[in-house]
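this one's sequence-less:
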Ligand SMILES: *[C@@H]1O[C@H](CO)[C@@H](O)[C@H](O)[C@H]1NC(C)=O
Ligand SMILES: *[C@@H]1O[C@H](CO)[C@@H](O)[C@H](O)[C@H]1NC(C)=O
């Protein structure tokens, strides 16, 4: 009894000294699916140590996780199927950060400060199907990313990407690709449209307003300009011309007046006769 109490005291203090404060919950994602949800943590390694080793999902929100270290989720590799870092200021992910997570299906690092997506992160993750790097500062995606595991859904929207390497996409067999709100050039968008059409890839978003310029607008220009004149500057001028032609040159007009204006020139973007 006395010894028991002493041991409990020692483990208690050692435990508290070693494991820093954090807020993590174990909750149900659905029946029989266990989710370890942490928020506002400064020490994700300590949180991982306190998680049940057979947990299915782990997420961190509004936390401070600048670097995701190599193999830091090793102890959870048995069952870990979903792993998410949401608004954790993440700047860097070490090459082997997720190595050994053979059950991982879903990986999200969103609202961070990543500048690159590396192919090495995904090696051996044969069950990975969904990845989201939405809302980082990504400028570059390594070519090897596009030939790793058979991904089904990739979200790289709201980053700083200027183009995707079309030539490296031959083995990229996603079903859904979200790339809205990057810095894609018109030239690049024009190429991507053709690629997406050929592959039948879904790009829509569940918020209808969450869209880049419509394909039809881009195609109006790439079909009109001779290929030899097709540089970014003339493309941009053409887009400006097309859009300004489709707006009346006046102030304070109503939708009804706009529709009257369109009677003379039709717009592929608006149907005034809808009832
Ligand atoms: C845009 O319109 C201006 C004036 O209407 C014209 O001079 C110019 O050639 C047009 N540019 C393109 C790229 O269509
Ligand atoms: C349009 O509306 C604003 C605010 O009501 C007004 O100040 C302006 O003079 C109007 N412009 C024209 C061309 O009617």
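Structure's in. What do you need? Note that the structure is a prediction, hence the values are computed from the model and not measured. Ligands and ions are numbered 1, 2, ... in the order given.

against residue 124, how distant is residue 133?
Applying CB to CB, to the nearest Å, the value for residue 133 to residue 124 is 19 Å. Glycine gets a C-beta too; all of them are placed from N, C-alpha and C.

more neighbours: those two, which one.
Between residue 133 and residue 124, residue 133 has the larger neighbour count (other CB atoms under 10 Å), namely 24 against 14.

let me see the contact set for that one.
Residue 133 makes contact with 108, 109, 110, 114, 117, 155, 156, 159, according to CB atoms under 8 Å, 6 or more residues apart in numbering.

compare these and tell me which is most surrounded.
Compared across the contacts of residue 133, residue 109 has the highest neighbour count, 26 neighbours, by other CB under 10 Å.

doesn't that one lie inside a strand?
Yes. Applying DSSP: H, G, I helix; E, B strand; the rest coil, one finds residue 109 inside a strand.

which residue is the nearest non-sequential neighbour of it?
residue 85 (4.7 Å; CB to CB, 6 or more residues apart in numbering).

now name the helix or strand holding that neighbour.
Assigned by DSSP states H and E, residue 85 falls within strand 82-86.

what of residue 266?
Per DSSP H and E, residue 266 falls between elements, in no helix or strand.

repeat that for residue 223.
Using DSSP H and E, residue 223 falls in helix 215-224.

which residues of the stretch 101-250 of the chain score low on pLDDT?
The stretch 101-250 of the chain contains residues with pLDDT under 70 at 149, 205-209.

what ranges does it have for its strands?
Remark: strands assigned in the stretch 101-250 of the chain by DSSP state E, counting those that start in this stretch are 106-110, 116-117, 130-132, 140-141, 153-155, 176-178.

adjacent strands (with direction) for the first one?
In its sheet, strand 106-110 lies beside strand 82-86 (parallel), strand 130-132 (parallel), with partners assigned from DSSP bridges.

pull the distance from the longest one to the chain's centre.
Relative to its parent chain, strand 82-86 has a centroid offset of 11 Å by CA atoms, centre = their mean, to the nearest Å.

right, and the helix or strand after it?
Downstream of strand 82-86, the next assigned helix or strand under DSSP H and E is strand 92-93.

what does that following strand rub up against?
66, 67, 68, 109, 114, 118, 121.

would you confirm that the first one contacts residue 91?
Yes. Contact status for residue 66 versus residue 91: in contact at 5.2 Å, counting by CB atoms under 8 Å.

settle it for me: which of the two has more neighbours?
residue 91 (15 against 11).

ignoring the adjacent residues along the chain, who's closest to that one?
Distances taken as CB to CB, 6+ apart put residue 113 closest to residue 91, at 4.6 Å, once the chain neighbours are dropped.

do residue 69 as well
Per CB to CB, 6+ apart, closest to residue 69 is residue 94, 5.5 Å.

doesn't residue 68 make contact with the one you found?
Yes. Here residue 94 reaches residue 68: they are 6.5 Å apart, a contact under CB under 8 Å.
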